[in-house]
Each structure stands twice: as C-alpha cells, then as structure tokens.
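In: Let me see the structure of the following:
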Amino acid sequence: MKRQMKKIKRKTMKKILFGATGALAILAAVLIVRGISGLFGGRTDTTAGVEYIQNEEAGNIAAIEEKISLLEKHDNNEEDTRSLKEKFTGAVVVGDSITAGFTEYDILNASSVAAQIGVHLYETDDLIAQVKNLGPGIIFLSLGMNDVEATNGDTEEFSTQYTAVIDKIKEELPDAHVFVNAIFPVQDTVIEQKPILAKIPDYNEVLKELCDKLRVGFIDSTELVQQEYYEQDGTHFKAEFYPIWAEHMAEVAAL
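Out: Numbers count the residues shown, from 1 in each chain. Next comes the predicted model:
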C-alpha cells in the first residue's frame with residue numbers, strides 16, 4: 001500500500017500578487033495549482049481546490065499563507081508528513097456504507113465522517129443535520145450508489161435529487177465548500193445480478209454535468225480502483241483502498 005501511495009504525486013505552481021493603496025492592503029491574489037496523479041499517469045483536476053483557496057483570500061490571509069506554505073513544500077519535493085486525520089481536520093466525508101469504511105478501518109476520525117448504511121439521496125436530512133453540528137469548512141459528498149437502482153436508470157430524477165441535497169447543504173452551511181465524489185464502479189459479478197448498475201458511468205456523467213452547473217468540485221476516483229481492493233461482495237472496499245481514496249480527495253481539495 002505504501003508503494004501505491006507514493007505514486008500519487010503533485011506538482012504545484014503559485015503566483016501571489018500583493019499591493020497596498022490606502023486602506024486596501026491586498027489588490028490581487030492569484031493561486032494556480034496543478035495536480036498530477038502519478039498512480040495511473042493521469043492528471044488530477046485541482047480546479048475546485050484552487051477556487052476554495054481563492055475564496056478564502058478575502059477573509060483569512062493567514063489561512064492562505066499556510067496553504068501556500070504547504071504547496072511550496074510540494075514544489076520543493078518536501079514530503080508532507082501530516083497524517084490523513086490531520087489533513088481532514090475541518091473536513092467531513094458524507095456518504096453511505098462505503099464511506100463508513102473510513103471510520104471502520106480507523107482511517108479518519110469520527111468527526112470527519114458522516115455515514116448512513118443504505119442511505120438514499122431523498123433521506124439525507126439526518127446526515128446533513130449531523131454535518132451542520134460538526135461545522136466543517138469542506139464537505140465531500142459520496143452518495144448515489146443506492147440511488148442508481150432506486151431511480152431505475154432515470155438520471156434526470158437522480159440529478160434532481162442530488163441537486164436538492166447540495167442546495168440543502170448550501171442552505172445549512174453557506175460557508176462550506178462542497179466536493180462531490182463520483183459513484184464507484186462495481187465488479188462484473190454484481191452487474192450480472194443487478195444489470196442496472198452497468199449504468200453507473202452514465203450517472204457519473206450526469207453528476208459531473210451537475211457539478212459544473214452548480215459550480216462545486218467533482219472528484220473522479222474511479223481509476224484508482226483495482227480489482228484486489230474489492231470485498232467479496234464486489235461493491236465495498238478493503239481497508240487498503242481508503243488511504244488511497246482519501247489522499248486523492250485531499251489532493252484535489254488542497255487539504
């Protein structure tokens with residue numbers, strides 16, 4: 001697992017412009033971050049993470065400087081020695097039984113996970129209330145697996161339900177930054193039993209379009225999944241997959 005984790009690398013480039021005139025101390029702050037996921041030779045989309053940092057510039061300069069310092073370490077090939085639990089301080093992953101693995105395997109603290117086994121999009125009120133009590137600055141949604149079958153291929157209904165969840169979160173936590181995880185694929189043996197799950201890629205395409213429309217980050221970790229990471233049920237994951245997934249989320253969101 002350690003060898004696999006080391007394959008996820010990231011290069012960053014930043015440019016911060018400061019000027020002072022009268023009471024206005026900061027005229028411009030531009031931060032460009034490039035993410036490269038070396039695990040499969042693909043490029044990590046850090047656009048949403050950059051937007052998060054840029055939005056912070058108006059309210060917390062110290063927080064920006066801390067993030068820039070971390071990015072500079074990456075530029076200098078310095079290893080980030082923080083644990084995943086430290087990286088996810090102030091962030092919460094929201095989802096179903098797959099998400100619950102983060103606490104079951106002690107990958108993240110309980111304060112960074114809000115999960116409900118078998119949850120559907122239309123029954124997330126309790127999860128959102130839990131997240132509101134935690135008060136995170138960043139929210140990672142990992143929902144939708146149970147809804148592919150529930151909506152029976154109706155991606156329009158799926159989009160409507162997911163939109164309602166995001167709108168509710170923005171209403172309850174207006175200052176939080178939202179990222180949406182793609183629905184993970186299942187093994188072929190599962191599709192043989194439930195053919196509707198073959199449409200997961202179609203649902204992810206709709207989900208990506210929805211995120212673009214609502215201007216929230218979309219995180220596609222499906223290429224990180226290898227067959228050996230699956231549990232026997234062909235849907236859930238073994239412990240060794242969760243650090244890889246978490247690192248990818250942290251990378252995209254610039255945690």
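
In: could you show me where the strands are in this structure, in order?
Out: 35-37, 42-44, 91-95, 113-115, 138-142, 177-181, 217-219 (DSSP state E).

In: okay, those in CSV with mean pLDDT and mean neighbour count next?
Out: Yep, even glycine has a C-beta here, placed from its N, CA and C like the rest. As requested, these are arranged in CSV below (pLDDT from 0 to 100; neighbours: other CB atoms under 10 Å):
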stretch, mean pLDDT, mean neighbour count
strand 35-37, 37, 19
strand 42-44, 47, 15
strand 91-95, 98, 25
strand 113-115, 97, 24
strand 138-142, 98, 25
strand 177-181, 97, 23
strand 217-219, 97, 22
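
In: Now render these as JSON lines, adding distance to residue 250.
Out: Listed next are the strands of the chain as JSON lines, based on distance: least, CB to CB, whole Å:
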{"stretch": "strand 35-37", "distance to residue 250": "11"}
{"stretch": "strand 42-44", "distance to residue 250": "11"}
{"stretch": "strand 91-95", "distance to residue 250": "8"}
{"stretch": "strand 113-115", "distance to residue 250": "14"}
{"stretch": "strand 138-142", "distance to residue 250": "10"}
{"stretch": "strand 177-181", "distance to residue 250": "11"}
{"stretch": "strand 217-219", "distance to residue 250": "10"}
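
In: now the angle between strand 177-181 and the longest helix that the chain contains, please.
Out: Secondary structure of the chain per DSSP state H: the longest helix is helix 155-172. Taking axes from the mean of the first three to the mean of the last three CA atoms, to 10 degrees, one finds that helix 155-172 is oriented at 150 degrees with respect to strand 177-181.

In: Please work out the angle formed by the directions of helix 155-172 and strand 91-95.
Out: 150 degrees.

In: which secondary structure elements does helix 155-172 contact?
Out: If contacts are counted by 3 or more CB pairs under 8 Å, 6 or more residues apart in numbering; DSSP states H and E, helix 155-172 sits against helix 125-134, strand 138-142, helix 145-150, strand 177-181, helix 200-214.

In: go again using 6 Å as the cut-off
Out: Here helix 155-172 touches helix 125-134, helix 200-214, going by 3 or more CB pairs under 6 Å, 6 or more residues apart in numbering; DSSP states H and E.

In: Sounds good, over and out.
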